[in-house]
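Trainee: Give me the fold of what follows.
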Amino acid sequence: MRFSKRSDTSRWLIIIFSFFIVVLILSNTYSFFQIFKNEERSKMELWAKAQKKINSDDLNVDLELPFEIIQNPRIPIIVSINDSISLTANVEENIIIDSNKLKTYIEKLKSQNNPIITKLSETKTQYLYYGNSKLINQLKYYPIALLLIIFLFGTVVYNFYRATKMSTQNKLWAGMAKETAHQIGTPLSSLIGWLEILKLDNVEPTTITEIEKDITRLQTITDRFSKVGSEPVLEIKNIIAETKTTFDYLKDRSSKFLVFNFIAPNKELFVAINPALHSWTIENLIKNAIDAMKGKGKLTLSIEEKDNFVRIKVTDTGNGVLKSNFSKVFEPGFTTKRRGWGLGLSLTKRIVQEYHKGKIKIAHSEIGKGTTMQISYKKA
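Mentor: Numbering: from 1, shown residues only. Predicted coordinates:
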């Protein structure tokens with residue numbers, strides 16, 4: 001617990017420090033932006049003074065320096081004297097020849113920088129409109145690019161951390177499942193030996209048959225757990241027969257207040273499945289439906305063929321599921337039961353989607369009326 005708290009504190013310190021660095025970078029970027037903008041303003045004011053010298057009526061003025069100053073290959077400029085355009089620089093030709101476009105462009109320049117107004121004479125006033133240089137425009141979008149890079153970096157780190165954590169959890173669950181299978185195997189072998197002894201003692205055949213069914217069931221459960229964390233071997237099987245076997249087993253061992261109904265086409269439908277894991281899937285869905293009905297109601301399992309797919313639907317008359325929880329029911333740990341780990345449907349989803357490349361979803365649910373779970377497999 002102490003280690004966990006220390007780890008959480010470290011994470012928050014890293015997050016706060018990272019946030020401080022981002023704020024510092026953005027603040028400095030804004031300061032640089034303002035410095036460059038003020039420098040360009042000073043240059044353009046000098047440019048306006050040089051232009052005033054050039055337009056001066058005094059013939060004795062030395063124009064060499066003003067001409068050097070007005071050489072400006074980078075900043076878009078429009079000079080207007082008494083509402084008449086006298087000079088343009090770095091402005092596209094199609095804008096200059098179109099009066100409407102020119103007017104719109106001047107408004108754009110005014111939005112970027114306030115015009116520099118110079119009094120040339122009593123009757124002449126010069127207006128210098130100028131835009132931002134390429135450097136200013138690039139600097140303006142730099143914080144956005146920086147935030148995007150930080151966001152992408154954070155996303156990569158988060159996904160890596162999450163994937164590592166999930167991988168560790170998966171290894172833990174796989175190890176626990178295999179250990180469970182190993183532990184069950186020892187008493188199971190002993191039960192098989194005792195069963196042979198009971199047969200020699202001429203015990204009632206019905207009792208022997210029921211014990212054999214339960215031992216077979218334990219062997220199936222052991223086989224299921226041993227396959228967790230491993231790549232299962234898929235076999236082409238008749239999905240109707242495989243599903244019916246699990247359905248009948250659970251039906252015989254469920255409450256008498258439950259009505260079971262099995263609906264399927266009167267033919268074979270072949271799907272690539274792992275029999276042990278498919279049985280586990282059906283068992284989880286049926287048990288989940290029984291829990292939803294609290295041991296009393298009607299459960300219907302139907303199998304239908306549509307195009308190139310086989311759909312298995314398990315319908316109950318239980319409490320139903322809120323639409324907002326349709327996706328949450330498959331998350332590990334989510335449960336509406338007082339007793340439960342919330343792993344059944346999560347495990348079922350993994351078996352269906354990862355191992356069998358199928359799909360599982362809540363096809364329909366209505367509060368107080370029941371739920372229909374649907375699995376879709378591609379036909380073999």
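Trainee: Please report phi then psi for the closest residue to F326 other than its chain neighbours.
Mentor: Distances taken as C-beta to C-beta, 6 or more residues apart in numbering put I362 closest to F326, at 4.9 Å, once the chain neighbours are dropped. Quick note: C-beta positions are derived from backbone N, CA and C, even for glycine. Main-chain torsions, I362, degrees, to the nearest 10: phi -90, psi 110.
Trainee: for I362, what are its contacts?
Mentor: Applying C-beta atoms under 8 Å, 6 or more residues apart in numbering, one finds that I362 lies in contact with 321, 326, 329, 371-374.
Trainee: now swap in I303 and tell me
Mentor: 239-240, 243, 263-265, 269, 310-313.
Trainee: ok, now K294?
Mentor: G318.
Trainee: mind listing the helices for this protein?
Mentor: 2-54, 64-69, 93-96, 99-112, 134-200, 205-227, 239-252, 275-293, 344-350 (DSSP state H).
Trainee: Just put the contacts of I362 in CSV and tack on distance to K296 and neighbour count.
Mentor: Formatted as CSV, the contacts of I362 follow (distance: C-beta to C-beta, whole Å; neighbours: other C-beta atoms under 10 Å):
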residue, distance to K296, neighbour count
V321, 18, 20
F326, 25, 14
V329, 22, 22
T371, 15, 24
T372, 18, 17
M373, 19, 25
Q374, 24, 18
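Trainee: just those now: which is nearest T222?
Mentor: Within the contacts of I362, the smallest distance to T222 is 26.0 Å, found for M373 (C-beta to C-beta).
Trainee: Quick check: closest non-adjacent residue to the closest one.
Mentor: Of all residues not flanking M373 in the chain, V314 sits nearest, at 4.8 Å (C-beta to C-beta, 6+ apart).
Trainee: doesn't L301 make contact with the one you found?
Mentor: Yes. Using C-beta atoms under 8 Å, V314 is in contact with L301, at 5.3 Å.
Trainee: Look up the closest residue to Y127, ignoring the ones flanking it.
Mentor: S80 (4.4 Å).
Trainee: OK, contacts around the one you found?
Mentor: 86, 106, 126-127, 129.
Trainee: What ranges in the stretch 101-250 of the chain fall below the confidence cut-off?
Mentor: 165-183, 185-186, 224-225, 227-230 (pLDDT under 70).
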